[in-house]
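A.B. asks: heads up, no residue letters with this:
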């Protein structure tokens, strides 16, 4: 998890924040991160006055919603932000994850019952297969064309949920499973009224996914994605197997979408054909675009805004699509790169390399380069 | 400012890192440093042909776009270790020839053979892995990446870390990352842009971007390096420096194919020249011959009407 040095148009205040963070050593960064993570975990217990969504909306459940959106945004960011593939049907993968969880755990389904935690990897695996099925024919398309096809995919999944007999349409699946464990009085820890355990589980998964996605980013894979995003033809000519890495981006994004779908199904303990519409897909995408596509911290920020604001201000929840729409328009005019612009770290040994070459911290990249100021035309 | 933790490479004492150190070096030290860098950059790929033998052969290559014949059964060979110039007036088919070689276009007929083996229908990334790297006439860098990251993308062409390997950070991932960084830093040093290694490519000055493209192409460890008008937009001094760089690349064991408009640069740096006009090869030879060749002079200067009669 890192902050960013943003694009050239940023104010000096923002830039120095990014630089400040980059110039801290690892120990100092951890010294800030660990208390922050502890605070994030403690949030539903603390229920801080101004931040709380109560009495209108149960705070722990609101926090779970925020965490769920953050997980989705991280997954969608791999596809849209890193590899630059505009996916408008992401809700399809989310829905598949939710239905897989329901089919394998709900008593309403004819399939064998499995423990909820075992269903999570199964949900990921099945959405990955769907990622390949959707990706292999369509990833030859680019830009707008790909967006239209993925939009269609999202709708197909929703219509299947509406019409396929075994998926039970509007009637849905009751008593979807949950992770094991009971309180002293015998009630399950993970139930659909208490959001806190679900929130903790999701935050833990988010941290895990962030580490894994970070590993990918600072490797050949992440570099290939960003190269494809910046210039697909040049990437191919520089030896990047563009098709393979686009499929991988799609599949990894799908897996994370499926995982969050399964968590959603578990927390709600109920899945039916509602909530998997195009508008939800747009909301996911809005989180990514709003926060800053291509920036992990940015998309989490975007997810927090998209999920938290309607829960906090119930009065305006009705108008949220209007408000987000306007916010996006304003943002696209004044800050097209999102709140935090794209920034990625693509080298495992980048820190050491820049240190050795330039004798200072990590990436400093803006128009007025410090190096020319200091060294004056080497 | 701490030392690099894992001490990859020589220790750097100066506050400003390698860049500051370079400035403090005496000429002898600088020469030694340059030799070290050239050593790291040098091509160490096994090749099936010896120096002086034909590395790449273009055999009766024809390229048609609808009714337009951009290349009309062009044949020539590039010998290992030479700098071959490909020249011709605007629209002669030089870049088309490049594109057909690097897999951007599929030739209508004819073959391209690298080390005697046809490239056939290989995908673009596989042609790069086989050993042909190129730069672009209109610069095409990865703008959001730093200069160093751009070059590392080039080194990735020869790496094998898979998604799973990167996910769990396999030993091979670390090995390749380390090797990639070493080579990429040396390459930036080699082309002379190491002081801006941490800048986003899109923020680099024009001359740096051109050099970065060369570094990125060299990072793929090509057997043949194709430069598409690398001096476009350069002033005479910059062109002079670029000629020096191209010679340095050749001296380091690479074979270079150069498309260029500037006659002075082409005559000064190439070993042999192939001249195209309207998609046909009209001459081939050493620079002195080409300069005297009436067909080439006619192509470049035009022929007075009465001469045609």
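C.D. replies: Looks like it came in fine. Keep in mind that what you see is a predicted model, and the values were worked out from it rather than measured.
A.B. asks: Could you use CA atoms for every contact and neighbour count after this?
C.D. replies: Noted.
A.B. asks: Leaving out sequence neighbours, find the closest residue to the residue of the stretch 101-250 of chain A found nearest chain B.
C.D. replies: Using CA to the nearest CA, residue A:239 is the residue of the stretch 101-250 of chain A that sits closest to chain B, at 3.9 Å. In this structure, residue A:239 finds its nearest non-sequential neighbour in residue B:125, 3.9 Å apart by CA to CA, 6 or more residues apart in numbering or on different chains.
A.B. asks: Which other helices and strands does whichever strand or helix holds that neighbour contact?
C.D. replies: Residue B:125 is located in helix B:124-130, with elements delineated by DSSP states H and E. In terms of contacts (3 or more CA pairs under 8 Å, 6 or more residues apart in numbering or on different chains; DSSP states H and E), helix B:124-130 is packed against helix A:232-237.
A.B. asks: which stretches of chain B form strands?
C.D. replies: For chain B, the strands defined by DSSP state E cover B:54-65, B:68-79, B:83-87, B:109-114, B:117-118, B:132-134, B:224-228, B:255-259, B:272-277, B:280-285.
A.B. asks: Kindly provide the distance from residue A:348 to residue B:65.
C.D. replies: In this view, residue A:348 and residue B:65 are 45 Å apart by CA to CA, to the nearest Å.
A.B. asks: Those two: which has the busier surroundings?
C.D. replies: Neighbour count, other CA atoms under 10 Å in any protein chain shown: between residue A:348 and residue B:65, residue A:348 has more, with 22 against 9.
A.B. asks: Against which helices or strands is the helix or strand where residue A:214 lies packed?
C.D. replies: Using DSSP H and E, residue A:214 falls within helix A:196-217. When contacts are defined as 3+ CA pairs under 8 Å, 6+ apart, helix A:196-217 sits against helix A:26-46, helix A:59-76, helix B:163-168.
A.B. asks: Tell me the buried residues in that helix?
C.D. replies: A:196-203, A:205-206, A:209-210, A:213-217 (16 or more other CA atoms under 10 Å in any protein chain shown).
A.B. asks: Break down the stretch 101-250 of chain B into its helices, ranges please.
C.D. replies: B:124-130, B:147-156, B:163-168, B:171-191, B:206-219, B:236-251 (DSSP state H, counting those that start in this stretch).
A.B. asks: quick check: angle from the fourth one to helix B:147-156?
C.D. replies: When you say that, I think you mean helix B:171-191. Angle of helix B:171-191 versus helix B:147-156, following axes from the mean of the first three to the mean of the last three CA atoms, to 10 degrees, is 120 degrees.
A.B. asks: Can you mark which positions in helix B:171-191 are buried?
C.D. replies: For helix B:171-191, by 16+ other CA under 10 Å, it's B:173-174, B:176-178, B:180-191.
A.B. asks: could I get the strands of chain B as a markdown table with mean pLDDT and distance to chain A?
C.D. replies: Listed next are the strands of chain B as a markdown table, based on pLDDT from 0 to 100; distance: least, CA to the nearest CA, whole Å:
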| stretch | mean pLDDT | distance to chain A |
| --- | --- | --- |
| strand B:54-65 | 91 | 18 |
| strand B:68-79 | 92 | 20 |
| strand B:83-87 | 93 | 20 |
| strand B:109-114 | 91 | 16 |
| strand B:117-118 | 89 | 18 |
| strand B:132-134 | 93 | 7 |
| strand B:224-228 | 93 | 12 |
| strand B:255-259 | 93 | 16 |
| strand B:272-277 | 92 | 24 |
| strand B:280-285 | 91 | 26 |
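A.B. asks: Pick the most buried one from these.
C.D. replies: When you average the neighbours per residue for each of the strands of chain B (mean count of other CA atoms under 10 Å in any protein chain shown), strand B:132-134 leads with a mean of 28.
A.B. asks: Give me the contact list for it.
C.D. replies: Residues from elsewhere that reach strand B:132-134 (CA atoms under 8 Å, 6 or more residues apart in numbering or on different chains): A:237-238, B:102, B:214, B:217-218, B:220, B:222-228.
A.B. asks: Tell me which of the helices and strands packed on helix A:196-217 is the most buried.
C.D. replies: Most buried among the helices and strands packed on helix A:196-217, given mean count of other CA under 10 Å as the contact rule, is helix A:59-76, at a mean of 27.
A.B. asks: angle of that one against helix A:196-217?
C.D. replies: Using the same axes, to 10 degrees: helix A:59-76 against helix A:196-217 is 20 degrees.
A.B. asks: can helix A:59-76 be found next to chain B?
C.D. replies: No: Helix A:59-76 stays clear of chain B (CA under 8 Å from any CA of the partner chain), getting no nearer than 14.8 Å.
A.B. asks: by how many degrees do that helix and helix A:26-46 diverge?
C.D. replies: Relative orientation of helix A:59-76 versus helix A:26-46 (the same axes, to 10 degrees): 140 degrees.
A.B. asks: Strands of the stretch 151-300 of chain A, residue ranges please.
C.D. replies: Here the stretch 151-300 of chain A has no strands by DSSP state E, counting those that start in this stretch.
A.B. asks: Spell out which residues of it are next to chain B.
C.D. replies: A:212-213, A:215-216, A:219-221, A:223-224, A:226-227, A:230-231, A:234, A:236-241, A:248.
A.B. asks: First-to-last residue distance for stretch A:54-65?
C.D. replies: Stretch A:54-65 has an end-to-end distance of 14 Å (CA to CA).
A.B. asks: List of residues touching it?
C.D. replies: Residues contacting stretch A:54-65 (CA under 8 Å, 6+ apart): A:44, A:47, A:52-53, A:193-196, A:198-199, A:202, A:307-308, A:311-312, A:314.
A.B. asks: same thing but at 7 Å, please
C.D. replies: Here stretch A:54-65 makes contact (CA atoms under 7 Å, 6 or more residues apart in numbering or on different chains) with A:44, A:52-53, A:194-196, A:198-199, A:307-308, A:311, A:314.
A.B. asks: which one among those residues gets closest to residue B:271?
C.D. replies: residue A:307 (65.5 Å; CA to CA).
A.B. asks: Give the closest residue to that closest one in space, chain neighbours not counted.
C.D. replies: Residue A:307's closest residue in space is residue A:66 (CA to CA, 6+ apart), at 5.1 Å.
A.B. asks: from memory that neighbour sits against residue A:310, does it?
C.D. replies: No: look at residue A:66 against residue A:310 with CA atoms under 7 Å: they stay out of range, at 10.6 Å.
A.B. asks: shared neighbours of these two, which are they?
C.D. replies: In contact with both residue A:66 and residue A:310: no residue, using CA under 7 Å, 6+ apart.
A.B. asks: By proximity to chain B, which residue of the stretch 251-378 of chain A wins?
C.D. replies: Sorted by distance to chain B under CA to the nearest CA, the residues of the stretch 251-378 of chain A start with residue A:359, at 3.8 Å.
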